[in-house]
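1. generate coordinates for the sequence data below:
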Amino acid sequence: MSAERVIAVVTAGLTTPSSSRLLADQLAAAVQDELSARGQTSRTEVIEVRDHAHDLTNNLLTGFPSAELEKVLTTVTTADALIVVSPTFSASYSGLFKMFFDVLDDQALAGKPVLLGATGGTERHSLVLDYALRPLFAYLNALPVPTGVYAASTDWGPNAATLRPRITRAATELVATLHHETPVKPDPYANPTPFEDLLNS
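-> Just a heads-up that it's a prediction; the model follows:
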C-alpha cells in the first residue's frame, strides 16, 4: 500500500471566512479526489497565514521563528505538495502572503509541486497568477503546475460552477506532477480564464 500523501494548503485571506480559504478548500478537495481515484490516501494540513502574522513579523525582525511558526514552516517544507492561495492587493499577492514565504530558505521548496490560486474582486486581476505568483515560486525553485486558478467575486454564488473545470484541471496537473508525470498541456481555448473571457467579449 502506498504511503499517505500530505498536501499543505497555505491561504492568506484576512477575514474569517475568506474567499481565499473557500477557494483553497475546493482545490484541496479536488486534489484529494484525484489522489483517491489513483488509490492513494491523503491528508491536508491547512495553514491560515493570518494566524501567524505576529510570529512572522518577529521572525523577520529577529531571524528566528517561534516554536509554533517553526512547526508550521516544517509542515510546508516536508509536505509532498503545496496549494497556495492569496488575495489580490494592488495587482499582486498580499504582503502577508509574501511575508510567509520570505522566512523560508530559498531552497526549502526546491522541486516541490505547487498549485497556484488567487482571489480578487474583479476578473481584471487574473494575471496576478502569471505575473506575481508564478515568478515567486520559480525563484524558490518550486514546480508550479501549468494551470492556476483565479476566482473573482463573480465566480461565487450562482456562478460557482464556472470554477469547477479550472479547479479539476489544476488538481489533475498537481497530482500528475506529484507522480513525476508530465501534465497535459491545457488547451488555451477550452475553459478560458476570466481574463480571456473579458478579452473575447
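2. skipping its backbone neighbours, what lies nearest the residue nearest to the spatial centre of the chain in space?
-> In the chain, the residue lying closest to the centroid (CA atoms, centre = their mean) is residue 84, at 2.1 Å. Nearest residue to residue 84, sequence neighbours excluded (CB to CB, 6 or more residues apart in numbering): residue 10, at 4.7 Å. Every C-beta, even on glycine, is put in place using the N, C-alpha and C of the backbone.
3. looks to me like the one you found is in a strand.
-> Yes. Assessed by DSSP: H, G, I helix; E, B strand; the rest coil, residue 10 belongs to a strand.
4. for it, give its distance to residue 3.
-> 22 Å (CB to CB, to the nearest Å).
5. SS state for residue 17?
-> Classification of residue 17 by three-state DSSP places it in coil.
6. next one, pLDDT for it please.
-> Confidence at residue 17, expressed as pLDDT, is 87.
7. then residue 178?
-> Note on residue 178: pLDDT of 95.
8. ok, it touching residue 5?
-> Yes. In this structure, residue 178 is within contact of residue 5 by CB atoms under 8 Å, at 7.0 Å.
9. thinking again about what came up before, what's near enough to touch the residue nearest to the centre of the chain?
-> 9, 10, 11, 97, 114, 115, 116, 117, 133, 137 (CB atoms under 8 Å, 6 or more residues apart in numbering).
10. list the ones among these that fall in strands.
-> Mapping the contacts of residue 84 onto strands (DSSP state E) picks out 9, 10, 11, 114, 115, 116, 117.
11. adding neighbour count and distance to residue 149, write the residues you listed out as a markdown table.
-> Output for those, formatted as a markdown table (neighbours: other CB atoms under 10 Å; distance: CB to CB, whole Å):
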| residue | neighbour count | distance to residue 149 |
| --- | --- | --- |
| 9 | 25 | 13 |
| 10 | 25 | 14 |
| 11 | 27 | 13 |
| 114 | 24 | 12 |
| 115 | 28 | 8 |
| 116 | 29 | 7 |
| 117 | 26 | 5 |
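12. closest one of the residues you listed to residue 35?
-> residue 115 (12.7 Å; CB to CB).
13. from residue 140, how far out is the closest one?
-> For residue 115, the distance to residue 140 (CB to CB) stands at 14 Å.
14. now residue 75
-> For residue 75 relative to residue 140 (CB to CB), the value is 16 Å.
15. sounds good, over and out.
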